Every structure is written in C-alpha cells, then in structure tokens.
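1. below: sequence and its predicted model.
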Amino acid sequence: MSQSDQSQETTEPDSFQDPGVPYHRPRLSDKDPKAAKRAERQVAAMFGISILGTVIAIWAYFGLHDMGEDVESIQQTNTVIGIGVMLAMFGIGWGAIHWAKTLMRDHEMVEERHELRSSDESRAGAIQNLKDGVEDSGIGASKEGVPRRGLLKGSLITAMLVAPLALLVPQIGNMGGDWNVGLLRHTMWKKGTRLARDPDGTPIKASDVTIGSAFHVIPEGLNEMGHGKLEAKAKAIVLMVRLDPRDLTIQPGREDWSFDGIVAYSKVCTHVGCPVALYEQQTHHLLCPCHQSTFDVSDGAKVVFGPAKRPLPQLPIAVDDEGYIIAKSDFDEPVGPSYWDRLKTPDGDLTPEEGSH
Amino acid sequence: MKSLAKKRYHKAAPLMLVLLLLAAITGVAAVTTSSPATAATQVSEDDVAQGEKLFAANCATCHGMDAQGQEDIAPSLVGVGAAAVDFQVGTGRMPMQMSGPQARAKAPQFDQDQIDQLAGYVASLGAGPTVPTAEQVDGSLGDPANGMELFRTNCAMCHGSVGGGGALTQGKYAPSLWATTPTHIYEAMLTGPQSMPVFNNANISSEGKRDVIAYLEEQRQPSPGGLKLGAIGPVAEGFWAWLVGIGLIIASTVWVGARSS
Amino acid sequence: MGTKLNNAAAGTANYVDERTSIGGFVKFFARKIFPDHWSFMLGEVALYSFIVLLISGVFLTAFFVPSMDIIHYDGTFPTMQGVEMSRAFASTLDTSFEVPGGLLMRQIHHWAALLFTASILFHMARVFFTGAFRKPREINWLIGFTLMIMSLAAGFTGYSLPDDVLSGNGLRIIDGIVKAIPIIGTYISYWLFGGEFPGEVLIPRLFTAHVLLVPALILGLIALHLFLVFLHKHTQYPGGGRTHKNVVGLPLFPVYTAKAGGFFFVVFGVIAFMGAFFTINPVWNYGPYDPSPVSAGTQPDWYILFVDGALRMMPGELWGFPFEWVIGGYTLSMNLLIPGLIMPALLFGFMAFYPWFEAWATGDRGEKHVLDRPRNAPVRTGIGVAVITFYVILVLEGSNDIVANLFHLSLNDLTIFFRFAIFILPVVAFMVTKRFCLGLQRKDRELVLHGNETGRIVRHENGEYIEVHEPLDEQARWIAVNYDDIAPSVVAPSHNDRGVERKGHKFDRFKHRLSRFYFEDRVSPVTPAELEEAQHHH
C-alpha cells in the first residue's frame, strides 16, 4: 500500500499538514504567584543544602582526619567527606534545574537553520583563491611567465615525509630496551636448579610432595635476584603436583621427566600468559582463571577445554642426593603465549607440535 | 597503644559473631565452650566405639562397612585422619544428601561430640592429619601480611583475592571463606577436600596456615571504601556502575527533560 | 548599588569586547536554541564525567608516584606490612589510607571512568537509533566514535597504574595478544614494555599516556565535537512545527545554562554518592603485582570485558580443527588474533563507518535534522539491537565464571552455549526487533485511523454494543504520520534494447538488494484520504 495508489482517487492532499508548534501550556508557577514563591523557596533551600554539604566535607576533613590503623575510621572518613561532596553538588544541581524548570520562561522558540553548504559564489571565490596561491608558488599549472617548479613540490613532500623519522627512529629505537627478543626462549631454569616454594623461596624435598599436593614453584635463588627479578619470575613460575603414578600418562620421550608421580609444568598459560594456577586435584585438571583454558595434568597438560591450543611446557625434574627436587634442564620450548618465530631457533627449527599444520 | 587495643577488639568481634551464628543455626551451644581440638586429641575407647556405630548407621552405605570405600561412589577413609572427618562432617558436606558436581556445605547433621566420636573412629583406622589445636588456628597470633602472600599464591586463584569464592570447571566451585571457622579453614588446607589440592605442613607450614587464617579474618572487617559489592572484582563494579550510576543519572535526565506541572 | 554594579559590568564588557570582539560571539551563543529531551543529555553525562575525571585526577596526581622501584611497605594497612611492592602501588595505598579524602577521590575517579565509558556508549546508541548520524553529522559521528575509543584507552591506561596483581594480569593478557601479531609482535611487546614483560618502565609510560597524551586528545576532540554541534544546531524529535529547516526549543541562556549547568552538579553528585558508599578497585585486596599469583574473578573493567569474553569464547581447537597454525615453521595464533584483534577491528570498523554505509545503501542524501523514531527505521533499529546483542553476549561470556558461580551453572556449559549464541542470537534479535518496529508502525496506523480506545461502551439503537474511540489530537497524529515512506530502489534493466548487457548492472543489482533489505518491509503512514475513509465507516 503505497501513497500513490490512494492519491489518484481522491482530492485530499497527499499528506497531513504540520499543525505547528503546540501552544504553550502554562505551569502552576505561571498561573499562581504563590506556587512561584514556593518554588523560589525550594530553590533557595536546595542551595542551602549545598552550602551545608560543603561545611560537612570540610568539617569531616578536619574533624575526622585522624585516620587510625583500623579500617573503620578510614571508611568513616571516606563516607562522611563523600556525603559532604555529594550534598554540595546535588544542592547546586537540583536548585539550578528546579529554578530553570519552574521559574524561567518555557515558551518554545524557533530558530531557522541555514544550509551548511557554502554559496556557489563563495565556493567559486575559494577555488579562485587557492588557484591563485598555487600559481604564485609555482607548484601548480603555470601562468604564462611564471615557471613551473615541480622539483620544489616533490622535494618538499619528500622532506616532510621523512623528517619525522629524525625524531621517531631514536624514540622508538630507545623504547624497546635491548630488543633482545631471543630472551623469550629461555628461563632461569637450568640443570640442577632446585625447585623452591613460591613466595618464600625455600627448596622442596620430594618427600614433602604428598599425593594430591599442589606446589607453586619458583627457581631457587630467584628471590635473591635484584634487577630483572620480575621478568625472570614471569617466565620461570611452575606448578608442581603429585598424582598417583597409576593416574599419570607418561608422554613419549618424557619417560624420565617426572619423579614417582611428581610432575612440574610451566604456570604460564600458552594462551595469553596468565598464571594457570587453578588445580583440581580430583580431576587433575588445571584451569586458567583468566580465560578458562583447561589442561589435563595427568596427560601431558594437554588442552581439554578453552582457548589455548598447546599443552603447557613440562619442566624435566629429578631428585638430588639430598632429596631435593631439581630441574634437569630448562624447558625445551619457549614458555607462555605463542609468537611468530617461537619455533625458530638460531640452531634450526623446533619440531612443530603434532596436530598443527 | 589505644588503637592497638581497639583493633584487637574489632578483630575478635566478627569471629565471635560467626561462631555464635553457627551455634544458633545448629542449635549446639557446645561449639563455643568445648574446643573440638582437645576433644579430638583425648578420644576414649568408648568414643571410638560410639563413632563406629554412627559410621555404620550414616556413612557405611557409601564408604563401606570397613570404610574402604567403593569405586566410583565414595573414597576410602583409611588414613584420611580426624581433620578430614571434622571438616567434612562439621561443615555439613558429609553425609552427602544428593550427588552433584560437588558436596555442598549445609547445617551439620551431628553435634560436635558425635563428630569427635566419628573422627576418633576414622582416625583409629589409620594415621592421618589430626584436628588442629586452638592455638594453631588463632588468627590473632598470625601475621596477616604473610598470610596475604601465601593466600594469593596458593588460594586466590580459586577462592578469589579475599576469599569470596569462585567458579571451577563443570559446575564445581570454590566456596566463600568468609563464614568458615578457622578450624575448618585449617583442616581444609591440611586435607584437601574434593577438588582442593592438599597443602600439607611441608608446603604451607602450620604457622603459615595460621597466617592465612589471620589474613582471612582481616577480610571480615568492613572495607575502607564502603560496601564491598561482593568483593569479586570489576564485573560487579561494572554491574553497579550501570545499575546504580547510569540508573540514577537516567532518572535525573528524565527529571531535567520533563516539563514542570 | 545596582547601577554601580551595572556600570562595572558594562565597563568590563566594553574592555573585553574592544580587545576580542566577544560581543558577536555572545550575541550568537546566548539565545541559541536547544530542543528539550531527556535523551539529549546523555552526551552531557559523558562530558561531565570527563570533567569530574579531570578534577579528581588532578587531586590524585599530587599523591601518586609513577615508579616501579621496589620498596617494602611500612604504612598502616595490616595485610600489607613489610610486603615488597612498587612505589606506584605503595603510593596508591598511602593515598587511600593516609590522605583524608584520598580514597574518596580514587573511588570518585574510578566510578567516573566507568560512567564515562558507559554514558558514551549510551549516547552513541541514542544517536544511532534516532538516525542523528545522518547528513550533515557523519563527521561528528566519527569524532564521537574516536572519543569512545580514546575513553577506552584512557580507562585502560588508568586501570593499570596502581600496579596491582589484577591489572598486572590484564597487562600480561595485552602482552600475549600483542605477541601474537605476525612478524612484529614480539618487537611491539618489547617497545611497549621496554624489554621483557613486565619490565621497569611501563608504569611511567602509562602514566604519561594517561595524564597527558590521552586527555589532551580527548579534550581536543571534545572541542571539535561541540563546535560541530553548534555549527549543525541540535537535531530534534519529530513534532508539531519541527522541520528539517528549523530548530524548536529553549534558549541556551538562561534556561540551558541553568539546566545543563545544574546537571553537571547532579552528575558529580551521583558519582560522589558512589564514591562515598561503594568500594571500587580495592587494590589492597589484590596486592602488588607479582607474575605468579592470580585470583578468581580476574577481569578487566566492564568496557574491556567484551574482548575478554571473545578471548574466552574462542576455542583453541574446534572439532579437531586447530586455530593455531604453523606455516613454514612460523606460528600464527588465530585463536588470539580473531578475538583479540580481528573481532574488535570489524566491530569498531562497522560502527565507525555505518553512517556512510547506510547513506550509500539507502541512497538517502539530504540534510536530516528531524530525528527518526526508531520504529520508523525498522532495519536500522534491528541492526542496532543485533550489534548490542552481540556485544552483550561477549560481555556475559567475559563474566562467565561470575555468572556460573552466582547461578550455580557450569562455566563450560555457558561457554559452549555462548559459542552458538554469538552467531544465532544477533540474527534472531534483528528479526524480532524489525518485526516489533513494524508492529508499532501498524499500531500507529490503527491509532490514527480509529483513535484511542476510551473504555466507554455504548449501545446503538440496533442493539449493537461498540466501544467509543477518541480520535488523536492534531499533535499526536502528526507525530504518527510524519515520516518518510521510502520504497526500494528500482533497478534499470540488465540488458539494453539491443540485448547488450549494461555495464555495472551487477553492482546495481547488489545495491538494489541492499535497498530492498532496508525498505522492502515497510508500513506507510496514513494519508488524509485513508483517514477520511476510515471515519466514513463509523
């Protein structure tokens, strides 16, 4: 049903007429001076509330500033100053708006719009001015007698384009530190490093790790590091658990990486690098609280759910003659999230994971 | 000195309140007076016999008459120790009423004497972790700052940064720790109930466990900033920003835009 | 007294005007007309929360130390005694616990930030659903869009400054996404962090971005945004006397000076209320940054949740098909790139350029100053609701552990549900919304033709009972009938008279399909003739 079918059969206009701006409906305060007076008093009262709020805030600052060691006094100071600020603001706001709504003129007014497009005349003028300028400079189509200086145009643009490099190259160059992205391949772990408790750094004996235990592990000596400690820790954190050896599926080629049911995996998620810390001892599942990648610790920390694709790297472990658990080497692949050349090493490619293509 | 004294008072008050509440819910006034620890350590032959009867009547259906467990139904209880029984029965998780992703805490089915008897019986089947002493779980003796470090490394990934609880996989969850008694917190670390890993004393020392309790007791204080909004992080904050903040502001815009009568 | 004051004012005005010719500006601005509607204040909410951010931010810079030097805490808070932390974190604690009013300002600042982003999205939604982005306002839509992006940047850089565990893990996620960028990812990561994550320079760098670069850009863009609002004059809702060639409303001075000025204080009051009573970002709960700990409920502030949700939703491998590819020994992590970069780029790209898309698809080129009622643009409204549905699903997935815990659900089930929902529900939302809009248009027709039901039943002489309908008044009827009834474009024949295929007709066909998508289902407004006929029946 479109309009045209109808309009042919009738003399009615095609569409309705605009009835125009509605008549102004007077408010209570327009009609009744008493109501107006009342509104005025209300507005003044609201401004009064604001002043009161300011007084409360300042009083609370001086009166309650003795913030003790207990949490309650901190909370009290916060709340009372906050109430003061809140009233100081609300009072002004409510007052001003109430004033505008009840006492200021509310007859609607009409303002005409003008088309935003410039007039043809001024457009022509603008174009002419630009043309003149281009010609004066000599970079554009030349007028007679004014030589065309194309070389200037090209060289200026080139200079302008490359000039920022003079600032950007040092800026960007310096910001990346030593740019040694090869550091991402290695962690602090090396042959013989003892596995220690996070956060206190005391080494762990194999006998400490009972079945069902989960130890959050850092390399021994990490806590003594000064510079670079957090960077080292960010890569070296490990989760170590002990399973009933019958529950553990040993991965081919990793037969001697665990010790009597004790396995240690990198705690850095292979998804985006959160600490994968949430170990469920009944299911042997390890869950990342950030994006819920779930790894099966009993089966090579393979992904069983979620956005990660690769298993967590395993730290090969053994026990030294004092009974402490030690690393047999560093991880055999870069820990943490994937990056472009993670499988490339200076010595050649690492073997891609099975199942990838 | 004065503020220190005040602080100590504040610390104990919520704990007492929680204990009293627990007592009121269970209807067992004995919880506050007789320490479960002493009861458990001085368990008599008679208690063990009594416990065995309770076990046969309430637990043996699943765990077996000799507590050896049944495959895929219930684990063996030999060697789990008194601490595990005190935790599982004392928090009402056992006896389990229905199967689900995990056993839920509910009002305990037995009074503390019966729990001690049960614990005594199970402990007699094989050595295991014992119920901690009152001193081991007294948070006021612990260091809450060290507790914070231990808690966030070992516990926060499941229970949340201040023990508010959180989700695990497949409908399981780590419960809130705000109303859990210090003894039960200690026992849970020691025995690793259900999904929770075991944190034996070689992993987190007995003093460390007390520090964790001290940290958790600090969380029973009010928040310096006002209402805690569940203390579960930015999702709750965003929800409140939309609900309260945007809600109030939209209400205000409607008032500003509405014509006065 | 009065005259003396007046003279002084006149003197000052004269002094300033002789040096600035400000008189012209005042004449231009003072009685500028603004239409009145609550939804026109949403942009103001964004502006005002930004001013609150500036005010509270200045307070905070006086106490915050943007340094990653490690110290041992020796303040008053019991659970932090002696803990190793950066100066940034320690100064955040000190601002909270030892500066009276400091915690309040932190909380005001953070709540204001959440409301800033929320009100920007709300404002964008209003502009979208009413078609206020149409010519001549497309450029201003793009400026507003850029402001939205800048608000996210401002929020994220600020969120990370206290150097706590929660925001540190957020940065680590950013680091992970950045490293997934092919070829240059690791170098961008090194550039950001000054070396390996987390490095020792990030907090100072974020601080500069947060207090200087981003706010300066936001201020500049706000100035441009408002300049264009003044230049274009405000849009208005349809109604009696409102046309594309005028603007009907109340003058800037004094009515809007009082209303909008007062409204700033109301917004500030609401934010102060939240700061006074609701804890936000309790960094003392999370502790100082350390790469090892993580807590349940590790999420970004709400405005980044949609990216987090996408990251959670994306499977690493689906039905045996992996999303991390190794090509020639190089690793390409589509499981990160799709949710972390490609999805946001597509979503934001669509938002940024929608005005041009719609103008092109519908061929509508005129200046539009009267807004559409959302029902009168069913397809656009449907698209908007579909995009919001898409966004909300991502936000819910980003909160799935909280939702699962709250309602005793399995987070795995939630994720699997959302993986399907993200494709299905937006389409459903589009169709339902479009139908709903068409239904409302039909209802409008009914009302115009037959009037409002009064509930009054009368009995005719012939015994028939009918309900009396009261016809709409002129103003209400005008709102219901005054909209454009656009038919889909007509395609020129594909072959000319001689049977030769016309050049570009395939493109025309594509455009025609788009035009049909927008306009095929439509309800035409009532014409006077139809009304006449309907009244005749009674």
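-> Cool, the structure landed. Residues are numbered from 1 along each chain as shown, chains lettered A, B, ... in the order given.

2. what is the neighbour count of residue A:100?
-> Residues lying near residue A:100 (other Cβ atoms under 10 Å in any protein chain shown) number 25. All C-beta atoms are positioned from the backbone trio N, CA, C, and that covers glycine.

3. counting neighbours, what do you get for residue A:201?
-> Residue A:201 is flanked by 15 other residues according to other Cβ under 10 Å.

4. for whichever residue of the stretch 51-200 of chain B sits closest to chain C, name its beta-bridge partners.
-> Nearest residue of the stretch 51-200 of chain B to chain C (Cβ to the nearest Cβ) works out as residue B:166 at 2.7 Å. In this entry, residue B:166 is beta-bridged to residue B:174, by DSSP bridges.

5. OK, contacts around the nearest residue to residue A:49 once chain neighbours are set aside?
-> The shortest distance from residue A:49 to any non-neighbouring residue, by Cβ to Cβ, 6 or more residues apart in numbering or on different chains, is to residue A:91 (3.8 Å). Under the criterion of Cβ atoms under 8 Å, 6 or more residues apart in numbering or on different chains, the neighbours of residue A:91 are A:46-53, C:265.

6. narrow these to those that are buried.
-> A:46, A:50, A:53, C:265 (16 or more other Cβ atoms under 10 Å in any protein chain shown).

7. not counting sequence-adjacent ones, nearest residue to residue B:157?
-> For residue B:157, the closest residue by Cβ to Cβ, 6+ apart turns out to be residue A:277, at 3.9 Å.

8. and residue C:122, by the same measure?
-> Per Cβ to Cβ, 6+ apart, closest to residue C:122 is residue C:42, 5.0 Å.

9. count of residues packed around that neighbour?
-> Neighbourhood size, residue C:42 [other Cβ under 10 Å]: 22.

10. wouldn't it be in contact with residue C:121 here?
-> No - with contact defined as Cβ atoms under 8 Å, residue C:42 does not reach residue C:121; the gap is 9.4 Å.

11. please enumerate the shared neighbours of these two.
-> Residues within reach of residue C:42 and of residue C:121 at once, by Cβ under 8 Å, 6+ apart: there are none.

12. quick check: beta-bridge partners of residue C:469?
-> Applying DSSP bridges, one finds that residue C:469 bridges with residue C:453.

13. and residue 112, what does it touch?
-> Defaulting to chain A. Listed by Cβ under 8 Å, 6+ apart, the contact set of residue A:112 reads C:245-246.

14. oops, chain C please
-> C:49, C:52-53, C:56, C:271.

15. on that earlier part again, can I get the buried ones among the contacts of residue A:91 in CSV including secondary structure and pLDDT?
-> Putting the buried ones among the contacts of residue A:91 into CSV (DSSP: H, G, I helix; E, B strand; the rest coil; pLDDT from 0 to 100) gives the following:
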residue, secondary structure, pLDDT
A:46, helix, 96
A:50, helix, 97
A:53, helix, 97
C:265, helix, 97
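
16. where do the strands sit along the chain?
-> As the question left the chain open, I've gone with chain A. Using DSSP state E, the strands of chain A run over A:109-112, A:195-197, A:214-219, A:238-242, A:262-266, A:278-280, A:285-287, A:294-296, A:302-305, A:317-319, A:325-327, A:344-345, A:348-349.

17. that's the wrong chain, I meant chain C
-> With DSSP E applied, chain C shows strands at C:33-34, C:70-72, C:84-86, C:246-251, C:317-318, C:321-322, C:324-327, C:330-333, C:452-459, C:465-470, listed in chain order.

18. what is the burial count for residue 134?
-> Picking chain A for this. Residue A:134: 14 surrounding residues under other Cβ under 10 Å.

19. um, chain C though
-> When neighbours are counted by other Cβ under 10 Å, residue C:134 registers 23.

20. ok, now how distant is it from residue C:503?
-> 30 Å (Cβ to Cβ, to the nearest Å).

21. contact partners for residue 180?
-> Defaulting to chain A. Contacts for residue A:180 (Cβ under 8 Å, 6+ apart) come out as residue C:195.

22. you looked at the wrong chain, it should be chain B
-> B:91, B:188, B:216.

23. ok so, going back, turn the strands of chain C into CSV, columns for mean pLDDT and mean neighbour count.
-> Below are the strands of chain C laid out as CSV (pLDDT from 0 to 100; neighbours: other Cβ atoms under 10 Å in any protein chain shown):
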stretch, mean pLDDT, mean neighbour count
strand C:33-34, 90, 21
strand C:70-72, 93, 14
strand C:84-86, 93, 22
strand C:246-251, 91, 20
strand C:317-318, 89, 14
strand C:321-322, 90, 14
strand C:324-327, 90, 18
strand C:330-333, 92, 22
strand C:452-459, 83, 10
strand C:465-470, 82, 11
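
24. of all those, which one is nearest residue C:12?
-> Distance to residue C:12, taken as Cβ to Cβ, is lowest for strand C:246-251 among the strands of chain C, at 23.0 Å.

25. who does that closest one pair up with?
-> In the sheet, strand C:246-251 lines up against strand A:109-112 (antiparallel), strand C:33-34 (antiparallel) (DSSP bridges).

26. tell me which residues are up against the shortest one.
-> So the one you mean is strand C:33-34. With Cβ under 8 Å, 6+ apart, strand C:33-34 has contacts from A:109-111, C:40, C:233-234, C:247-252, C:256.

27. pipe the contacts of residue B:180 into TSV and attach pLDDT per row.
-> Formatted as TSV, the contacts of residue B:180 follow (pLDDT from 0 to 100):
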residue	pLDDT
B:91	87
B:188	92
B:216	93
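
28. closest to residue C:4 among those residues?
-> When the contacts of residue B:180 are compared against residue C:4 (criterion: Cβ to Cβ), the nearest one is residue B:216, at 69.4 Å.

29. state the helix or strand in which that closest one lies.
-> Using DSSP states H and E, residue B:216 maps to helix B:206-218.

30. quick one, domains of the chain?
-> All of this is about chain A. Domains of chain A are assigned by automatic domain parsing as A:24-102, A:183-355.

31. try chain C instead
-> C:1-30, C:31-64+C:73-292+C:310-372.

32. let me know which of those domains is tucked in deepest.
-> Neighbour counts (mean count of other Cβ atoms under 10 Å in any protein chain shown) averaged over each of these peak at domain C:31-64+C:73-292+C:310-372, with a mean of 20.

33. and residue C:98, what pLDDT?
-> Per-residue pLDDT puts residue C:98 at 88.

34. ok, it to chain B distance?
-> 11 Å (Cβ to the nearest Cβ, to the nearest Å).

35. residue A:175 too?
-> From residue A:175 across to chain B, the span is 29 Å (Cβ to the nearest Cβ).

36. so is the host helix or strand of residue B:85 next to chain A?
-> Residue B:85 is located in helix B:81-90, with elements delineated by DSSP H and E. No - against chain A, helix B:81-90 shows no contacts by Cβ under 8 Å from any Cβ of the partner chain, the least distance being 11.5 Å.

37. need the residues that contact the helix or strand following that helix.
-> Next along the chain after helix B:81-90, taking DSSP H and E as the criterion, comes helix B:112-125. Around helix B:112-125, the neighbours that count as contacts under Cβ under 8 Å, 6+ apart are B:28, B:30-31, B:34, B:36, B:39-40, B:43-44, B:47-52, B:54-55, B:59, B:67, B:77-86, B:89-90, B:108, B:110, B:128, B:130-131.
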